[in-house]
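Chemist: Provided below are the primary sequence and the corresponding predicted coordinates.
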Amino acid sequence: MNIALRPTSNLASSDNRVMKGSIMTLLSVLICLFSLTSLPLLAQHSTVRFDRGQLVFEREGWRIHLDRSARQFGGLLDDDLIQVIGGIPSSRVGPPAILSIFASADPQSVRLTVKRGDTPVKLTFWSGEGPSPRPKPISPTVSRSFKAPDFSLKSPDGKTVSLSENRKYWTVVNFWGTWCGSCIVELPEMESIARTRTPRINVVGLAVMDENSDILSFLRKHPLPYPVAKAGDKSSPVLRRYGLLVPGGRLGVPVTAILRPGGEIAYMQAGGTENHLASIIAKLVQDDNRRHA
């Protein structure tokens with residue numbers, strides 16, 4: 001909307017200045033609110049594990065702790081504090097996005113600014129082993145100790161799919177896409193888990209960067225025994241809250257989260273599950289049963 005302000009007198013000019021000031025104040029508040037809501041809520045108190053070490057979320061960004069066998073990784077040294085990733089403050093980069101960079105099998109580079117001791121250092125981080133030879137499967141994980149953000153989304157046929165409806169049981173939230181090859185590969189495992197009865201496990205599929213027509217067309221050929229909703233594109237608040245936006249404008253999928261009854265995240269993984277998800281769930285359930293015995 002374009003608003004044209006045309007002063008007709010000194011009083012009008014004064015009123016316009018007041019109005020402009022009010023508008024600027026309102027815009028500042030909205031920008032502030034947008035910044036807060038766009039923060040990856042799941043980054044709080046998170047530890048991201050990958051095959052060379054781990055990243056721990058701090059207020060100023062992500063601090064890398066390399067395994068003893070790794071002296072450096074892609075130019076990063078142990079205890080470096082990553083402050084900027086691809087031009088974005090790293091404190092606003094969610095765990096799955098971090099994993100898609102540090103645990104990726106594909107060669108890629110991203111510009112980083114790190115704090116090394118008291119000195120800021122700019123570097124180009126290189127990761128990935130490349131497709132040939134095929135890299136070994138890895139299972140990067142993200143630790144969690146609080147509830148996943150709720151969502152209420154529409155399925156292609158207009159039904160509401162919300163997380164709050166699934167908090168009574170163990171739940172798997174799978175971010176995927178009809179266009180994503182590795183996502184399609186792991187769907188049979190999701191189907192098998194959805195049919196589990198002891199314990200009951202709900203599965204929710206959130207289609208990323210797909211239109212309703214794409215989802216419906218896919219489901220006609222490959223019906224799934226669990227609800228599927230449209231998660232939206234890069235502007236989706238759900239994807240921001242779950243930290244799926246990757247610096248450079250990419251969206252990292254598949255991403256899978258396992259939630260305990262009540263909605264607390266027990267496990268989260270970026271990348272394919274390699275048909276290990278059922279055993280991961282079984283171990284989580286067993287550990288919880290022991291804890292509450």
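Modeler: Arrived safely, thanks for sending.

Chemist: how about the helices in the stretch 1-150 of the chain?
Modeler: 10-37, 95-102 (DSSP state H, counting those that start in this stretch).

Chemist: mean pLDDT for the ones you listed: which is lowest?
Modeler: Mean pLDDT is lowest for helix 10-37 among those, at a mean of 43.

Chemist: for the closest residue to Pro149 other than its chain neighbours, the count of nearby residues, please.
Modeler: In this structure, Pro149 finds its nearest non-sequential neighbour in Arg241, 4.3 Å apart by CB to CB, 6 or more residues apart in numbering. To be clear about C-beta, it is placed using only N, CA and C from the backbone, and glycine gets the same treatment. Arg241 has 19 neighbours, counted by other CB atoms under 10 Å.

Chemist: and what of Pro149?
Modeler: 16.

Chemist: next: the one 4 residues further on.
Modeler: Burial of Leu153 is recorded as 20 neighbouring residues (other CB under 10 Å).

Chemist: so it touches Val161, yeah?
Modeler: Yes. Between Leu153 and Val161 there is a contact at 5.3 Å, judged by CB atoms under 8 Å.

Chemist: so what sits against both of those two?
Modeler: Ala229 (CB atoms under 8 Å, 6 or more residues apart in numbering).

Chemist: got any ranges where the stretch 101-250 of the chain has weak pLDDT?
Modeler: Along the stretch 101-250 of the chain, the parts satisfying pLDDT under 70 run over 103-108, 127-146, 246-250.

Chemist: can you map out the strands along it?
Modeler: Remark: strands assigned in the stretch 101-250 of the chain by DSSP state E, counting those that start in this stretch are 108-116, 119-127, 141-142, 152-154, 160-162, 170-176, 201-208, 228-232, 245-246, 250-251.

Chemist: got a list of what the nearest residue to Cys180 once chain neighbours are set aside touches?
Modeler: Once flanking residues are discounted, Cys180 sits nearest to Val253: 5.4 Å by CB to CB, 6+ apart. Residues in contact with Val253 (CB under 8 Å, 6+ apart) are Phe175, Trp176, Gly177, Cys180, Cys183, Val208, Leu244.

Chemist: kindly reformat the residues you listed as a markdown table containing neighbour count and distance to His292.
Modeler: Shown next, in a markdown table, are the contacts of Val253 (neighbours: other CB atoms under 10 Å; distance: CB to CB, whole Å):
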| residue | neighbour count | distance to His292 |
| --- | --- | --- |
| Phe175 | 25 | 29 |
| Trp176 | 23 | 32 |
| Gly177 | 21 | 37 |
| Cys180 | 19 | 37 |
| Cys183 | 22 | 34 |
| Val208 | 25 | 35 |
| Leu244 | 26 | 32 |
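
Chemist: now these as a markdown table including distance to Ala229?
Modeler: Written out in a markdown table, the entries for the contacts of Val253 read as follows (distance: CB to CB, whole Å):
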| residue | distance to Ala229 |
| --- | --- |
| Phe175 | 11 |
| Trp176 | 11 |
| Gly177 | 13 |
| Cys180 | 16 |
| Cys183 | 15 |
| Val208 | 11 |
| Leu244 | 15 |
